[in-house]
Each structure stands twice: as C-alpha cells, then as structure tokens.
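Engineer: what would the 3D arrangement of this be:
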Amino acid sequence: MAHPLVEIAKHAVNTYVREGRVVPPKGVFTTPAAAFVSLHRNGSLRGCMGTIEPTKPSVEEEVIANAISAATRDPRFLPVKVTELEDLHYAVDVLSTPEEINSVAMLDPKEYGVIISFGTRKGVLLPDLPGIDRPEKQVEIARQKAGIPENADYRLSRFQVDRYS
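Structural biologist: Numbers count the residues shown, from 1 in each chain. Down below sits the predicted model:
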C-alpha cells in the first residue's frame, strides 16, 4: 500500500477526472506544507504541479489541489483522460521551508531542490531527478523553466523533500 498522501492524490485525481468534483480533506494531515504531485505513465512524466510555499490550510488540501492541477492543468500535457487513470503512478513531495543560499556550491542535486528567483519569475526543480547530477545543471534547468536570462542577478534557495510514492 502506498503512503496515505499518495492515496489522497490518487483519489483526488480519480474523483475529479471521473466525476468533476473535488474531494474534501479527511483531516488526517493538518499541518500546512508546500507539496508537489507528479504523475507518471509508462515511465514518462504525465503531469507535475506544486507549490513552494503552503497555499492551503493543510498539506492534505495542498496535495488534493496539486494532484488535480497535475492531471488537468500542466501546460505541457493534455488533461488526463479516464482511460489513463489505471496506468498512472503517483509521487508526492512535501517540501521543507526553503533557505536562501549564496552559492551554487551549496547545492547537491541528490539532496536539495532549487528555487531560482529573479523579480517575479521563479523556477523550481525538485531534488534527485534522473539525469541531473550536477548543481550547475540543476540551476540551468530551473533558470530556463522560469525564463530568467543567463546573466541575470538571480537569487537561489534550496529545500529538501520527503518523497512518497
């Protein structure tokens, strides 16, 4: 059996895609926390959405909202169809509070995710992603995702995750 937050994400997506309604929280995980929900199908990413700061009263509500967004609002993919539901695999990352850092050398892509900020633009990359083994590559991908110019005077923050799948 998967972690309860993964089961919550799966239940939220199944209910929303099949019935068009948002499941209410059960009140199991009441602490607020930022979270990402990733959906994979046949080993490939199928959707991923999240928050870098809590936006809901509880992590359970954060996971429900982000699971539905990953399935229906990730601009890289069409919305998940009912026929895909049985093939989806879920991962939930619960983020620690980000800490600002002053050097790429303070990153370890296996241990830390990165947030790169420039003005109102922010790019985020979760830790321990396949193919990302250098901090410079991690920062470059996050920078490109946010559309931040290469020579911009951006700020860096790092965070850790508890990953459930």
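Engineer: show me where this protein has its strands.
Structural biologist: 35-41, 44-50, 88-95, 99-101, 113-118, 121-125, 155-159, 161-164 (DSSP state E).
Engineer: list the buried residues in the third one.
Structural biologist: Read it as strand 88-95. Across strand 88-95, burial judged by 16 or more other Cβ atoms under 10 Å covers 88, 90-95. C-beta here means a position set from N, CA and C on the backbone, and glycine is covered the same way.
Engineer: ok, back up a step: go through the strands of the chain and name the closest to P75.
Structural biologist: strand 44-50 (9.8 Å; Cβ to Cβ).
Engineer: just the mean pLDDT for that closest one, thanks.
Structural biologist: Taken as a whole, strand 44-50 has a mean pLDDT of 96.
Engineer: so what are the sheet partners of it and their directions?
Structural biologist: strand 35-41 (antiparallel) (DSSP bridges).
Engineer: related to what we said a few turns ago, make TSV out of the strands of the chain and add distance to I148.
Structural biologist: Below are the strands of the chain laid out as TSV (distance: least, Cβ to Cβ, whole Å):
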stretch	distance to I148
strand 35-41	20
strand 44-50	19
strand 88-95	20
strand 99-101	16
strand 113-118	4
strand 121-125	5
strand 155-159	10
strand 161-164	22
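Engineer: so which of those is nearest F77?
Structural biologist: strand 44-50 (5.4 Å).
Engineer: I would like the residues contacting the closest one, please.
Structural biologist: 34-40, 66, 69-71, 73-74, 76-77, 80, 84, 88, 93, 95, 124 (Cβ atoms under 8 Å, 6 or more residues apart in numbering).
Engineer: what's the longest helix in the chain?
Structural biologist: helix 4-19 (DSSP state H).
Engineer: same for that helix, what does it pack against?
Structural biologist: The contact analysis (3 or more Cβ pairs under 8 Å, 6 or more residues apart in numbering; DSSP states H and E) places helix 4-19 against strand 35-41, helix 59-72, strand 88-95.
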